[in-house]
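Peer 1: A structural model of the following input is requested.
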Amino acid sequence: MLNVIVASITIICVIIFFVLKYKRPETIWLGISFLAILSGLFLIIILLLLSAEQKSVLIVLSITFVIILSILPLLVVGIFFVNGINLIKKEGARFTNVLSLLMACGLVFYLVIWPRILDITTSHFLNTIYQFVVSTVFYLSFILITYAITNIFNLIHFTHPIVNYYIVLGAGLSGQEVTPLLAGRINRAITLQKKQNTGKIIMSGGKGTDELIAEGEAMTRYAIEQGLDSKLLITENKSKNTSENIKFSKQLVDNDWIGEGQPKLAIVTNNYHVLRALMLARSQGLKCIGFGSKSKFYFSLNAFIREYVAYLKITYKVHTIILSFVAMFYIVLYFVMLIAG
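Peer 2: As a prediction, this is how the structure comes out:
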């Protein structure tokens with residue numbers, strides 16, 4: 001009976017996943033539904049092994065699971081630490097470049113230093129604080145994982161619809177030239193446009209306070225140098241951020257589109273940036289698909305953390321409400337234990 005219930009719930013999660021993938025792929029519920037599917041399949045395997053009395057296999061799986069849980073925190077800390085040092089060496093010690101290193105230091109403090117300097121077992125108050133922090137860390141980690149999974153699935157396209165406009169998001173200049181990171185975005189859009197042999201590319205980016213020309217103008221010039229027909233290019237040179245990239249590009253699309261119905265739009269940016277860009281597009285009422293360009297791992301990991309923080313900033317009200325309820329629970333629990341103790 002339990003097998004049937006778990007299998008039914010898993011099937012429902014599969015249906016939800018595919019509905020979201022085609023209707024609302026930019027919501028993190030896509031990642032949550034995928035994790036639910038994996039959990040359901042894992043539970044089904046466990047139940048089948050139990051019913052078949054495969055104790056030796058269960059023991060091996062249990063030991064493997066414990067080993068993974070033991071090694072994973074050390075592995076994560078090591079990756080963040082090495083990546084942070086490498087990024088600082090290559091890109092400089094700006095605040096935006098130390099996020100992965102700060103993440104590593106925070107995990108070390110949380111996992112190693114805090115339990116050693118504070119004996120939480122002798123104080124209900126400290127124990128309650130620690131439990132709340134543990135819950136918060138688990139919650140934010142869960143959201144981070146679902147955000148990453150959702151981002152990955154927004155880079156995967158099961159079908160290949162014809163795109164009428166590719167919106168390439170700007171990313172800073174080096175003098176009057178595009179940076180290698182920005183060139184990667186432009187090259188990705190050019191490849192996609194040539195592959196389907198139709199559609200226009202919008203180069204979107206205004207002039208920053210430290211830039212000599214607008215990013216959109218430099219991007220257009222670079223695309224022409226790569227052999228793309230200027231008739232296929234539209235330049236947007238007023239935007240200051242991702243939200244304006246999308247907003248002003250849509251205005252140019254409305255002025256240029258002469259076909260029937262609504263044009264199909266695609267946002268082209270780096271892999272780590274696709275999901276948040278799609279979320280911002282959805283907030284403006286635009287349904288877009290996303291394509292990502294590759295960047296070096298040491299840069300991508302830090303940039304992804306930055307994107308995750310930006311996502312939390314956008315959705316802070318929801319997370320604040322959830323964590324407030326968690327805090328209220330622990331406050332009530334503390335006073336109950338205080339009265340009972």
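
Peer 1: Show the contacting residues for L35.
Peer 2: I145, T146, I149 (CB atoms under 8 Å, 6 or more residues apart in numbering). From N, CA and C alone the C-beta is placed, and that goes for glycine too.

Peer 1: switch to 10 Å and redo it
Peer 2: C13, F17, F142, I145, T146, I149 (CB atoms under 10 Å, 6 or more residues apart in numbering).

Peer 1: JSON lines please, covering these and showing neighbour count and distance to T209.
Peer 2: JSON lines is the format used below for the contacts of L35 (neighbours: other CB atoms under 10 Å; distance: CB to CB, whole Å):
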{"residue": "C13", "neighbour count": "19", "distance to T209": "48"}
{"residue": "F17", "neighbour count": "20", "distance to T209": "44"}
{"residue": "F142", "neighbour count": "14", "distance to T209": "38"}
{"residue": "I145", "neighbour count": "14", "distance to T209": "36"}
{"residue": "T146", "neighbour count": "19", "distance to T209": "36"}
{"residue": "I149", "neighbour count": "19", "distance to T209": "36"}
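
Peer 1: would you put the C-alpha positions of the worst-scoring helix or strand of the chain on mean pLDDT in CSV?
Peer 2: Lowest on mean pLDDT, DSSP states H and E among the helices and strands of the chain sits helix 114-117, with a mean of 70. Extracted in CSV, the C-alpha atoms of helix 114-117 (Å, rounded to 0.1, in the frame of the first residue of the first chain):
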residue,chain,number,x,y,z
TRP,A,114,30.9,27.9,16.7
PRO,A,115,30.3,24.4,18.3
ARG,A,116,33.8,24.6,19.8
ILE,A,117,33.6,28.0,21.4
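
Peer 1: gap between it and the chain center?
Peer 2: Remark: helix 114-117 is offset 32 Å from the chain centroid, using CA atoms, centre = their mean, to the nearest Å.

Peer 1: picking that back up, just the ones of the contacts of L35 in strands?
Peer 2: Judged by DSSP state E, strands contain none of the contacts of L35.

Peer 1: all strands for the stretch 101-250 of the chain, in order.
Peer 2: Ranges of strands in the stretch 101-250 of the chain, per DSSP state E, counting those that start in this stretch, are 165-169, 173-174, 177-178, 200-204, 233-236.

Peer 1: of all those strands, which lies closest to I339?
Peer 2: Relative to I339, the nearest member of the strands of the stretch 101-250 of the chain by CB to CB is strand 165-169, separated by 56.0 Å.

Peer 1: Name the strands paired with that closest one and say parallel or antiparallel.
Peer 2: Strand pairing for strand 165-169, determined by DSSP bridges: strand 200-204 (parallel), strand 265-270 (parallel).
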